[in-house]
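**Q** quick one: sequence and predicted model below, then my questions.
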Amino acid sequence: MSDHDPNRMQTPTPRDHDVASMSELMPFRSSKIKIWKSPLFLLALLAAVVTPMLFGLMIKALDGETVQLRMGSLIIIGAIGVFFLLMVIQLAVYLYVRPGRSLWVYMLTFLLVGIILASPLAIPYFVVFREILPGKIDPAQQYDFATQFIKMLFAAGLMEELLKATPILIGMWLTFQAIKTPNLTTNPAYKLLHVRGPVDGALMGVFAGGGFIFLETAFDYIPRFSNQVLQQTNDPAAAVATGMLLLLPRVFGGLVGHMAYSGLFGYFIGLAVIRPKQMWQLLAIGWVSSSVIHALWNSVDKISPMLNYAVAGACAVGVVGAILKARQLEASFTGAAPLATSGSIVVDRAARPAPTPAAPAPQPAAYTPPQPQAPVYAPQPAPAAAPAAAQALALDFDGFIIPLRAGGRVDPGAEPALAGRGVGVVGEVVAHPSRPGVLGLRNSGAGLWTARLRDGGVQTIEPNQNVRLAPGVVIAFDQGLIGAVRTLG
């Protein structure tokens with residue numbers, strides 16, 4: 001038989017792992033990575049676009065032929081610088097939280113806040129809070145702390161926090177509407193804007209604060225203060241320097257400023273989604289608390305500028321605490337294992353056994369004369385009860401029952417009794433990683449599910465996410481298919 005006998009089975013040549021493969025030499029061509037879906041690549045691509053542009057604008061801002069050219073270049077540099085730095089901060093928060101949702105969902109909140117602020121849509125906010133309510137401020141007048149705080153509470157706190165929260169509140173409304181109308185889950189607006197819970201609310205708030213900072217800093221503060229310096233000094237270089245110096249604290253302070261205020265309010269909006277019985281109370285707490293701390297930042301320097309450190313520190317505690325609590329709630333709420341948190345959150349901490357008390361030291365026994373004893377018939381202690389077995393659960397589709405067991409698969413589209421309803425709905429029953437007997441249902445399909453929980457809360461389950469299973473939970477699947485979780489037997 002020749003070496004090239006066509007009848008001989010051909011086996012693949014083993015890869016030599018000491019030699020780099022083609023995809024290792026050119027990693028961007030690897031079929032196992034998707035570079036276009038990486039948020040980090042989007043930031044790198046943005047840097048590749050704006051860096052050459054900034055060098056050209058810098059020359060025009062410093063040596064432009066006319067003052068108008070210099071100031072125009074400064075405004076563009078400011079807008080690019082503010083946007084890029086905000087993206088770095090927002091991307092860091094997004095990558096830490098890892099919400100399991102596209103970055104573009106949160107960037108939409110950034111965009112919508114910018115559209116509201118830069119359009120006539122903002123007029124009602126200004127009229128109500130700065131004309132009707134006591135938020136009107138006269139720049140030429142000096143106020144004491146109490147007056148400044150009250151005016152800032154309406155003019156900046158309540159007004160701006162409501163404006164930034166408007167897209168998040170719309171997302172909350174869409175989530176509640178999806179419970180009444182399951183077909184709404186196929187609507188593009190729902191997919192992009194609905195709020196699943198505190199994680200979404202807090203992240204949307206951070207991005208909403210970023211959108212507000214971008215518009216306010218790039219197109220109000222930098223041009224206004226730079227023009228003031230230009231009019232006072234007639235020195236374009238001084239005006240440019242003022243704009244660039246103002247850019248840094250406005251953006252860096254955003255994480256303990258506008259992003260923190262709206263992130264805190266967004267957390268409470270998301271909390272209201274999963275705790276609808278307390279919806280109005282939670283919304284009020286979020287709005288008032290974020291507005292008060294915002295007003296304090298704008299007024300405490302009337303007492304002492306050093307108090308701004310205390311307000312900024314409180315903002316850091318508030319927004320980071322809200323984000324960490326949101327992550328902990330999601331991990332315990334869905335029954336999924338928590339993501340890496342550097343030890344910053346704990347989910348289902350295992351109980352430690354109580355320490356065994358030390359035996360008392362022997363004491364010398366005193367002599368006691370024997371006494372006659374009557375027989376005592378004390379009841380014997382009952383044997384310790386065995387741990388209760390986990391409840392057997394099932395999904396009830398209008399009388400058709402599908403048992404739910406760990407490792408099982410739910411595929412209603414393949415059940416003849418359902419006559420093709422639920423085609424494409426696929427779920428996997430998964431066990432909780434640390435709580436025996438607790439089960440979750442993972443969305444292994446491509447559609448969105450919406451669940452109403454036992455306490456009336458609402459949870460949206462996207463692909464690869466879990467919903468915790470318990471009797472009384474009702475899940476609205478694709479195509480209007482609804483299943484109720486109940487005990488089996």
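**A** Cool, the structure landed.

**Q** low-scoring stretches of the protein, by residue?
**A** For the chain, residues meeting the criterion pLDDT under 70 lie at 1-18, 333-343, 346-390, 417, 419, 434, 455-456, 479-480, 489.

**Q** show me where it has helices.
**A** Remark: helices assigned in the chain by DSSP state H are 22-25, 39-63, 67-97, 103-117, 123-127, 145-152, 159-180, 188-193, 198-216, 222-233, 236-252, 258-274, 279-297, 307-334.

**Q** out of the ones you listed, nearest to Val425?
**A** Of all the helices of the chain, helix 159-180 sits nearest to Val425, with 15.8 Å by Cβ to Cβ. C-beta: built from backbone N, CA, C; applies to glycine.

**Q** okay, buried residues for that closest one please.
**A** By 16 or more other Cβ atoms under 10 Å, the buried positions in helix 159-180 come out as 159-172, 174-176, 178-179.

**Q** cool, stretch 58-77 as well?
**A** 60-61, 64, 70-75, 77.

**Q** CSV for those residues, including distance to Arg468?
**A** Formatted as CSV, the buried residues of stretch 58-77 follow (distance: Cβ to Cβ, whole Å):
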residue, distance to Arg468
Lys60, 58
Ala61, 56
Gly64, 62
Arg70, 60
Met71, 57
Gly72, 56
Ser73, 56
Leu74, 54
Ile75, 51
Ile77, 50
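
**Q** which one among those gets closest to Val127?
**A** Relative to Val127, the closest of these is Ile75; by Cβ to Cβ it sits at 28.0 Å.

**Q** report how many residues lie close to the closest residue to that closest one other than its chain neighbours.
**A** Closest residue in space to Ile75, ignoring its immediate chain neighbours: Pro223 at 5.5 Å, by Cβ to Cβ, 6 or more residues apart in numbering. Neighbourhood size, Pro223 [other Cβ atoms under 10 Å]: 19.

**Q** isn't Pro223 up against Ile77?
**A** No - Pro223 lies out of contact with Ile77 (Cβ atoms under 8 Å); the separation is 11.6 Å.

**Q** and for these two, which residues touch both?
**A** Counting by Cβ atoms under 8 Å, 6 or more residues apart in numbering, the residues touching both Pro223 and Ile77 are Gly243.

**Q** distance to Arg442 added to the helices of the chain, as JSON lines?
**A** Shown next, in JSON lines, are those (distance: least, Cβ to Cβ, whole Å):
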{"stretch": "helix 22-25", "distance to Arg442": "30"}
{"stretch": "helix 39-63", "distance to Arg442": "24"}
{"stretch": "helix 67-97", "distance to Arg442": "20"}
{"stretch": "helix 103-117", "distance to Arg442": "21"}
{"stretch": "helix 123-127", "distance to Arg442": "42"}
{"stretch": "helix 145-152", "distance to Arg442": "47"}
{"stretch": "helix 159-180", "distance to Arg442": "20"}
{"stretch": "helix 188-193", "distance to Arg442": "19"}
{"stretch": "helix 198-216", "distance to Arg442": "18"}
{"stretch": "helix 222-233", "distance to Arg442": "48"}
{"stretch": "helix 236-252", "distance to Arg442": "40"}
{"stretch": "helix 258-274", "distance to Arg442": "19"}
{"stretch": "helix 279-297", "distance to Arg442": "28"}
{"stretch": "helix 307-334", "distance to Arg442": "9"}
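
**Q** having no further points to raise, I will conclude here.
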